[in-house]
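1. This is a predicted model, with the sequence first.
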Amino acid sequence: MIFITLEHISAHVSFSLTFVVTLIYWGTLVYKSEELSNSGGKGMIVTCICITGVLVTRSLYSGHLPLSNLYESFMFLSWTSSMIHIVIEVRGQDAWWLGAITAPSAMLTHGFATLGLPDKMQQSAMLVPALQSHWLMMHVSMILLSYATLLCGSLSSIAFLVITSQINQKIFINVKNSFFFNKNGNSHDQEKKELKHTFGLSFINYRKWLFTNQLDQLSYRAIGLGFSLLTIGILSGAVWANEAWGSYWSWDPKETWALITWIIFAIYLHTRINRGWKGEKPAIVASLGFILVWTCYLGVDLLGIGLHSYGWLI
């Protein structure tokens with residue numbers, strides 16, 4: 001009973017912290033402040049500790065790893081998002097904007113687990129025979145870690161596309177206006193004002209270009225790591241499936257969508273490594289991968305299809 005109470009307290013505190021940290025990091029996008037960024041970083045550390053407390057206490061009173069149902073997997077996903085943020089910050093990379101991606105991810109997954117799922121689905125239960133295996137930690141943890149890193153990389157690509165489209169639109173409007181004013185014969189003072197305005201926009205666009213370049217690199221590295229973890233997760237799942245069901249691959253809906261997701265991110269990495277593509281084209285592929293990850297992870301489960309489904313809607 002004490003462990004359950006501690007779990008509930010830790011869950012509510014950690015959700016409140018993720019909400020506050022999200023507001024802080026969104027504030028840094030509007031007003032860049034080192035104090036705000038440092039506060040957000042400390043908040044993410046405390047959040048990670050609280051979510052760790054939720055997972056540890058749940059494993060203590062349930063007697064197994066907290067990876068057996070949809071609630072536990074979402075909490076693990078939220079924990080992973082906060083860990084990704086902490087690891088990147090510890091490595092000393094200048095990514096003050098990172099929290100605007102990782103903090104909302106942790107908040108939304110945590111919120112869905114604690115507020116979106118019915119109480120019955122949040123309760124811990126005995127493991128079914130098929131899950132009573134040493135492969136539970138290997139397979140499920142690898143899959144969830146891959147989901148978190150792939151989602152982080154995909155969100156970075158989506159942010160890259162949004163900011164790049166804004167830069168291109170501003171450059172087009174600026175060039176169009178400059179052509180219009182020159183055509184109508186501006187005075188020398190007006191031309192100087194236009195030149196100054198153009199220089200200011202160019203400086204801002206240069207800073208945004210540096211920002212988008214960081215987003216592109218983060219996306220590439222995160223997806224590269226997530227793809228490796230997804231590969232390990234699929235292979236370990238195949239071995240576990242052979243032990244539990246007597247077949248390495250049965251074209252279960254979850255397995256099929258996992259394969260489709262793997263192929264899409266393989267295409268992304270192929271275009272980056274072998275084709276040398278950068279920027280918008282691979283970012284579009286990664287954005288498609290964002291949809292596929294959620295379809296594989298949540299869509300199949302909620303529809304109650306196949307052997308991997310937790311079931312909810314039907």
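-> All right, it came through fine. Numbering: from 1, shown residues only.

2. Averaged pLDDT, the helix or strand where residue 149 lies. What do you get?
-> Assigned by DSSP states H and E, residue 149 belongs to helix 135-183. For helix 135-183, the mean pLDDT works out to 74.

3. same deal with stretch 112-132?
-> Averaging pLDDT along stretch 112-132 yields 78.

4. start to end distance for it?
-> 27 Å (C-alpha to C-alpha, to the nearest Å).

5. Distance from it to the middle of the chain?
-> Offset of stretch 112-132 from its chain centre (C-alpha atoms, centre = their mean, to the nearest Å): 23 Å.

6. Likewise for stretch 50-60?
-> Centre to centre, stretch against its chain (C-alpha atoms, centre = their mean), the figure for stretch 50-60 is 22 Å.

7. Packing partners of the helix or strand bottoming out on mean pLDDT in the chain?
-> Least confident helix or strand of the chain, by mean pLDDT, DSSP states H and E, is helix 300-302 with a mean of 71. Counting contacts by 3 or more C-beta pairs under 8 Å, 6 or more residues apart in numbering; DSSP states H and E, helix 300-302 packs against helix 253-273. The C-beta positions use only the backbone N, C-alpha and C, and glycine is treated the same way.

8. Report the buried residues of the helix it packs on.
-> Of the residues in helix 253-273, 253-255, 257-258, 261-262, 264-265, 268-269, 272 count as buried by neighbour count, 16 or more other C-beta atoms under 10 Å.

9. neighbours around residue 51, how many?
-> 27 (other C-beta atoms under 10 Å).

10. does it sit in a helix or strand, and which one?
-> Residue 51 belongs to helix 34-62 when elements are defined using DSSP H and E.

11. can you give me the offset of that helix from its chain's centre?
-> That offset, for helix 34-62, works out to 17 Å (C-alpha atoms, centre = their mean).

12. Okay, now the unreliable bits of the stretch 201-314 of the chain?
-> Scanning the stretch 201-314 of the chain with the threshold set as pLDDT under 70 gives 201-209, 303-314.

13. how about 90 then?
-> Across the stretch 201-314 of the chain, the ranges flagged by pLDDT under 90 are 201-218, 237-257, 272-282, 295-314.

14. the strands in it, which residues?
-> Under the criterion DSSP state E, counting those that start in this stretch, the stretch 201-314 of the chain carries no strands.

15. so who does residue 294 touch?
-> Residues near residue 294 by C-beta atoms under 8 Å, 6 or more residues apart in numbering: residue 151.
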